[in-house]
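Asks: 3D model of this:
(2 chains)
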Amino acid sequence: MLHIEGLTAGYSAIPVLNGISIKVEHGQFVAIVGPNGAGKTTLFKTISGIVRPSAGTITFEGADLLSVHPARRPHLGIAHVPEGRQVFPSLTVMENLEMGAMTEAGHRDWKRNIERIFEWLPVLAERRDQFAGTLSGGQQQMLAIGRGLASSPKLLMLDEPSMGLAPTVADFIFERLIEIRRQSKLTILLVEQRVAEALESADHGYVLEAGRVALEGNNETLRADDRVRKAYLGM
Amino acid sequence: MTAALEGFLQALTAGLLIGAVYGLMCVGLGLIFGVMRVINFAQGDFMMLGMYAAFYFFTALGVQATFGNTFGPFVAILLAGPVLAVFGYAIHLVLISRVSGTRTTSLEGEGHYAQLILTLGIALILQNGGLIVFGSVLASIRTPLSSSAWELGPLLNDISVFVNKARGIDAVVSLVTMILLTLLITRSRLGKSLRAAADNPTAATYMGIDVDRAHRVAFALGTGITAIAGGLLATNYPFHPFVGVEYVIVMYAGVVLGGMGSIIGAFWGGMTIGLVQQMSTLVLPTQLQNAAIFVVFLLIIFFRPQGFFGRMVERT
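Replies: Below is the predicted model of the structure:
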């Protein structure tokens, strides 16, 4: 579905990503883990078109994604739930969800999507008329996820959904994500610092270090790997 | 006593009527500055162009011949709106887009310094270009309605209030335009996407919103709205190429008074300024009208810094 080949990108002359190759197949749950500054968020921004790569290719469902205008990419079926949530603070919860449905597919499936989103994340239904800027961090994260789902995505990209949240809240959001995936069969690409949880639920994982793929494999291989156990799982 | 009451009611009426037009004028800037957060010091000069566009539609392009002297001016004014909206769209495409929208993330101070300098430059070019093209002679869009009035009353104690017919129609047109725009911004998908693009350009791009196009549409709408307000003012006040300078400060005061980001707020901000301006003539010499406006402005902002309709919402 999403094929990234030899991707090099960054903000100035020094690349943050250094020849990265990543594959996400239809229906897969892929996790990318790694320390701060490894280039995880930059990778997502490059897929969404906010950062331009200097080398490499990205194809989505066989089409060259790099030649597509950033604002057109969500319409192809890529939903980006960004790091730090980035909800629209002066719009209400409902209006935020409507913004997710700006894509053609999201507009078409709005009724069905909003029912499912409210079922999965009931707190959004309770707070539908509240300004998003007044929500708590966990609620904003749920809104950001709901907003992503409202676009009827083929691929849901989640950038550190646990960031800045209390561990219990982060656990709850993880549990919701697994439930959403179980019911919707969505293809998910997740970036996470909570390595244990991320690898546990993913089909396939990549370890990113200093802009390179240091390691990849299915979840058993990765969790059995000595380096991963020492560096990330604390075993 | 009766005379004082009559003077008060007359000033109040005049204030409400002129306030509605000021309100519309502020709504135009409210969209560009309040909602989209783009500083535009050429807004007064866009208004000046709107006045001249209406003037030439009326006198030279056949509106007078087709619709007559009485209602022709209003047709010409409503035609000037879309023309100036197209002008605003083009100016944004060529110049403003370089310092707003998705470009602001890479500019100092969210692009505000660059916007300030750029739009001041545009203002100077329009003012002096206007002087070359239109000349320095005062122009006006007069209708016979400008010098006739409806008499309300006699009310209690045989007091009558006179409503200038042209100003009455101006106020109604302003109100209707403002309400239509408010509905567009608060209810429609387009309006919501404009607000989202202003709130967080990057996240709006993740939603599939073309942020630069959203900014351009808002800029065009704001320019068109202010142009209509300018045309309405011109049915009662003569104008010249430098008329924008007199009004641009009033517009900013109105937007801030009403609360940043609120269209209805901008309207009430303009209304307040119109009321203060007219009512102050009851107790102060006419020359102090503008001083009175800003004393009241400072007082209101002192007690309510976020403006009438401003929200204390954190923006990311």
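Asks: Give me the distance between the residue nearest to A:Glu160 when sequence neighbours are not counted and A:Leu7.
Replies: Take A:Glu160 and drop its neighbours on the chain: the residue closest to it by C-beta to C-beta, 6 or more residues apart in numbering or on different chains is A:Glu83, 5.1 Å away. Where C-beta positions appear, they are placed from N, C-alpha and C, glycine not excepted. Distance, A:Glu83 to A:Leu7, using C-beta to C-beta, to the nearest Å: 18 Å.
Asks: Quick check on the two: which one has the bigger neighbour count.
Replies: A:Leu7 (25 against 18; other C-beta atoms under 10 Å in any protein chain shown).
Asks: Which of the three states applies to that one?
Replies: Secondary structure of A:Leu7, reduced to three states by DSSP: H, G, I helix; E, B strand; the rest coil: strand.
Asks: Dihedrals phi and psi, the closest residue in space to it that isn't next to it in sequence?
Replies: In space, and not counting its chain neighbours, A:Leu7 is closest to A:Gly56: 3.5 Å by C-beta to C-beta, 6+ apart. Phi and psi for A:Gly56, reported as degrees, to the nearest 10, are phi 100, psi 170.
Asks: A:Gly56 contacts A:His3, doesn't it?
Replies: No: under the criterion of C-beta atoms under 8 Å, A:Gly56 makes no contact with A:His3, lying 10.6 Å away.
Asks: Give me the below-cutoff pLDDT ranges for the stretch 201-316 of chain B.
Replies: B:311-316 (pLDDT under 70).
Asks: what about the helices in it?
Replies: Secondary structure of the stretch 201-316 of chain B (DSSP state H, counting those that start in this stretch): helices at B:201-206, B:211-233, B:243-258, B:263-280, B:289-303.
Asks: With chain A instead?
Replies: Here chain A has its helices, by DSSP state H, at A:40-48, A:73-76, A:93-100, A:104-108, A:110-120, A:122-126, A:137-149, A:167-184, A:195-201, A:219-224, A:226-231.
Asks: looking at those, which is closest to chain B?
Replies: helix A:73-76 (3.5 Å; C-beta to the nearest C-beta).
Asks: any idea how far the closest one is from the chain center?
Replies: On the basis of C-alpha atoms, centre = their mean, to the nearest Å, helix A:73-76 sits 15 Å off its chain's mean C-alpha point.
Asks: ok, and what's touching it?
Replies: A:47-49, A:60-61, A:63, A:65, A:68, A:80, A:102-105, A:151, A:153-154, B:206-208 (C-beta atoms under 8 Å, 6 or more residues apart in numbering or on different chains).
Asks: Kindly recompute the last result at 7 Å.
Replies: A:48-49, A:60, A:65, A:68, A:103-104, A:151, B:206-208 (C-beta atoms under 7 Å, 6 or more residues apart in numbering or on different chains).
Asks: Equivalent analysis for stretch A:97-110, please.
Replies: A:74-75, A:77, A:88, A:91, A:113-114, A:117, A:146-148, A:150-152, B:192-193, B:196, B:207-209.
Asks: what do you get if the cut-off is 6 Å, keeping everything else the same?
Replies: A:74-75, A:146-147, A:150-152, B:196, B:207-209 (C-beta atoms under 6 Å, 6 or more residues apart in numbering or on different chains).
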